[in-house]
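Enquirer: Quick one: sequence and predicted model below, then my questions.
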Amino acid sequence: MKSISRKKALVIVALCSLGLFGVYGLSIMGLSRMATPGAKASVVFGPDAPDSAIFSLSLKISAVVATLILAFILPGFIWVLALWPAGKDVHFSRIVAWAFPLNVALLIAATTIFKIVSSSPLARSSFLGLDAAVVALGLILAARKAKGNIRFRWSFKSAVPYIAFGFATLLCLGVFSQEMLSSAALDTALSGGKTISGDPLSRWDLDERFGLAQSLKAHLLPHWHLEYADRFGFPVVNPPLHSYFNLFALLFLGDAFGAVSITSVAFIYVASLVALSIVLFQKEDALGQEPGGQSKKVALGSQPAVLILVITIFGYFFLHESDPSTIVFPTHLFVLTLLLTFGFLIKGEFRLFVVYALLAALFRYAGVLVISVGLFFHLLLDKASRRPALRAYGEYLALLVLFFVFILCASAAQGNLAVFLETVKYEVMVRFDHFGLIGPPPSGLTPEPKVTVANTISFLNWFLYGPVFLSIFFFLPKKDKIARLFSFTFIAYFLIILASRNKRVHYVTPFVFTAAIVAARTFLFSKRKLIWVAVYIAAVFCGLGWIWISGIAAQRINVALDPDSSAVRYKLALAYKEKGMLGRAQRELQRIISRDPDDTDALMELGECYLIQGRYKEAEDAFNRILKIYPNHRPARGKLEEIRSLRSGGDAG
């Protein structure tokens, strides 16, 4: 165990703070010189930002790294030192663990005070000043308590897995950099501090999240102020933390998708490091194994653990996040806090367990359900910690009650309490009951989802190949108690989703990281590694076969249940077409057209089937039929142009 005095550590932190502010400032200055002439403000991402040339990309990465540290870790780190009792030693990992939630609380408090005392909305300069003030005040207070030491355990050998995973993540980011570093601006309706306009049911959910972050520049509580009640009939009451994180990213990096997506990528990386630390965690009682030889086993197995996590993250990006816009949803921050919650529960750090469990719930209300299920299985597997774990859970529930009382009082203070109570009826219960287990959504709010064969099989497919088929390890027998805890918890979570009406793609994200943890620990702490490799390979082949046939099978069942539905038959035709079974697709499409000759979607798909087969005359007839119905149908005109070019190319040959 090594140590450094808190006084020396403060000097290092102060110098690092100056360096980070300097790096951020120089990066912004460099980007502003390269920006579009006449741009009003220099931004890292946005329409005025320079393109992704090597030099500008380096400046962007420098600004992003400085932003992530300045906005999400440094103020909290300094204030942990300031609040820690003088003369008392503290471990470095404990400082980092407390720094993140304290950092969130400090910046939310600072921006709220600014909006109360100032008439102008938050801007980058004001937010940068607030961040610097919080850092400076923390350094002053910490200097007065600079007695004691900071202890840490570090060796190059123990850091190798984390360094290797860091390089792998950078490589992954490089593959997806053009999408993740996009400078596409936000919707014009969401810029300039405006909130969402229009019907919320017709707006994209992504726009809603950016709109809430934009409204935080001027409003105290974007989820509960009655501007939304006046406009939509109810105020928006999403969990609040994700909007604040979006706000911090947009203020530092600019109003663009890239500002938030790159921040989300960083949190995916941190979540992966947390997952790796859980994989390598050693605790004889938690593992239920003999202590002899464990350290050697983990050291030798750390490379396969890194490989498993890298494969999972690559597969996750490629399969689940190919659309860069989907990466800005709060799922990744939710997963990060969820992994930290379980990590501190396993390690017996119950105060930190309460704090991170609360953060997880404030990113997604469904976190309450997942954490409650996980704690239940933890109590079954680890009887020694039952009393402190139950006490911590009671504190967690009490804090949740206080939070809901607070939002009730805040909403009552800003307007009509009856409107907010109506909101609770229509919105909060819908979001808290995230899986539709209590009852259907109120009529007129959202379309009522139904349990169907198609959406069930679609979720099963995502569950399989979202975590690159590692989810099979949830269901395999294992001796490791930590792997069993994650398996039991997420099997229960899986069954709840499977039985529910809502089966959305982003529900799979928690399974990605936890499946990697279970698979890695099962592999590392097993003597029969080749058997597990063979099981995984078999699972991949079986899963691929299932996915290939499942789409057609689901749609055929739906057609059998509702043979008169053109919509159901159309989905079956698309499934056939996707699998290359064009003859069957054509037959289903022709049945639809025979019932409704003006169904342009079916005509379009039928024409494309003919085009793929080289049957240009039939394809041309199908597209011309569309133009007779809709003369300005651009896709049909485009296909006709494609046919003409193919014919002219064939004649020339």
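Expert: Yep, it's here.

Enquirer: Just give the closest residue to residue 635, not the sequence neighbours.
Expert: residue 604 (6.4 Å; CB to CB, 6 or more residues apart in numbering). (Glycine included, C-beta is placed from N, CA and C.)

Enquirer: Verify the contact between the one you found and residue 625 for me.
Expert: No: with contact defined as CB atoms under 8 Å, residue 604 does not reach residue 625; the gap is 9.9 Å.

Enquirer: Work out for me the element the residue lying closest to residue 250 once chain neighbours are set aside sits within.
Expert: Once flanking residues are discounted, residue 250 sits nearest to residue 259: 5.4 Å by CB to CB, 6+ apart. If you go by DSSP states H and E, residue 259 is part of helix 257-279.

Enquirer: returning to that earlier point: hang on, the residue nearest to residue 250 packs against residue 68?
Expert: No: assessed by CB under 8 Å, residue 259 is found out of contact with residue 68, at 11.5 Å.

Enquirer: neighbour count winner among those two?
Expert: residue 259 (28 against 22; other CB atoms under 10 Å).

Enquirer: And the more buried one, how close does it get to residue 245?
Expert: 11 Å (CB to CB, to the nearest Å).

Enquirer: What of residue 352?
Expert: Counting by CB to CB - residue 352 and residue 245 are separated by 20 Å.

Enquirer: now residue 338
Expert: From residue 338 to residue 245 the distance is 15 Å (CB to CB).

Enquirer: okay, these two: which has more neighbours?
Expert: Between residue 338 and residue 245, counting by other CB under 10 Å, residue 338 is the more crowded of the two (30 against 21).

Enquirer: Tell me where the model's unsure across the stretch 251-400 of the chain.
Expert: 283-303, 314, 317-330 (pLDDT under 70).

Enquirer: can we see that at 50?
Expert: Counting by pLDDT under 50, the ranges of the stretch 251-400 of the chain that qualify are 284-301, 322-326.

Enquirer: Correct me if wrong: residue 503 contacts residue 453.
Expert: No: look at residue 503 against residue 453 with CB under 8 Å: they stay out of range, at 11.5 Å.

Enquirer: what's the least confident helix or strand in this protein, going by average pLDDT?
Expert: helix 284-287 (a mean of 38; mean pLDDT, DSSP states H and E).

Enquirer: Could I get the buried residue list for the strand or helix carrying residue 638?
Expert: According to DSSP H and E, residue 638 maps onto helix 634-652. Within helix 634-652, the residues that count as buried by 16 or more other CB atoms under 10 Å are 636, 639-640, 643.

Enquirer: and it, what does it pack onto?
Expert: If contacts are counted by 3 or more CB pairs under 8 Å, 6 or more residues apart in numbering; DSSP states H and E, helix 634-652 sits against helix 600-612, helix 616-629.

Enquirer: okay, those helices, which one's buried deepest?
Expert: Most buried of these, by mean neighbour count (mean count of other CB atoms under 10 Å): helix 600-612, with a mean of 21.

Enquirer: Now the element after the helix or strand residue 334 falls within, going C-ward?
Expert: Applying DSSP H and E as the criterion places residue 334 in helix 331-347. The element immediately downstream of helix 331-347 (helix or strand, assigned by DSSP H and E) is helix 350-363.

Enquirer: which residues sit in contact with residue 3?
Expert: Contacts for residue 3 were tallied using CB atoms under 8 Å, 6 or more residues apart in numbering; they are 89, 149-152.

Enquirer: quick one: it is in a strand?
Expert: Yes: under DSSP: H, G, I helix; E, B strand; the rest coil, residue 3 sits within a strand.

Enquirer: Name whatever forms a beta bridge with it.
Expert: On the basis of DSSP bridges, residue 3 is bridged to residue 151.

Enquirer: switch to numbering from 370
Expert: Happy to do that; since the first residue is 370 now, the last one works out to residue 372.

Enquirer: where in the chain is pLDDT low?
Expert: 556-573, 593-603, 653-670, 691-695, 812-817, 1022.

Enquirer: quick one: the strands in it?
Expert: 371-374, 459-460, 518-521 (DSSP state E).

Enquirer: Relative to the whole chain's centre, how far out is stretch 722-733?
Expert: Remark: stretch 722-733 is offset 15 Å from the chain centroid, using CA atoms, centre = their mean, to the nearest Å.

Enquirer: Hmm, I typed the wrong one, I wanted stretch 707-721.
Expert: 20 Å.

Enquirer: can you pull the buried residues of that stretch?
Expert: Those would be 707-715, 717-719, 721, for stretch 707-721 by 16+ other CB under 10 Å.
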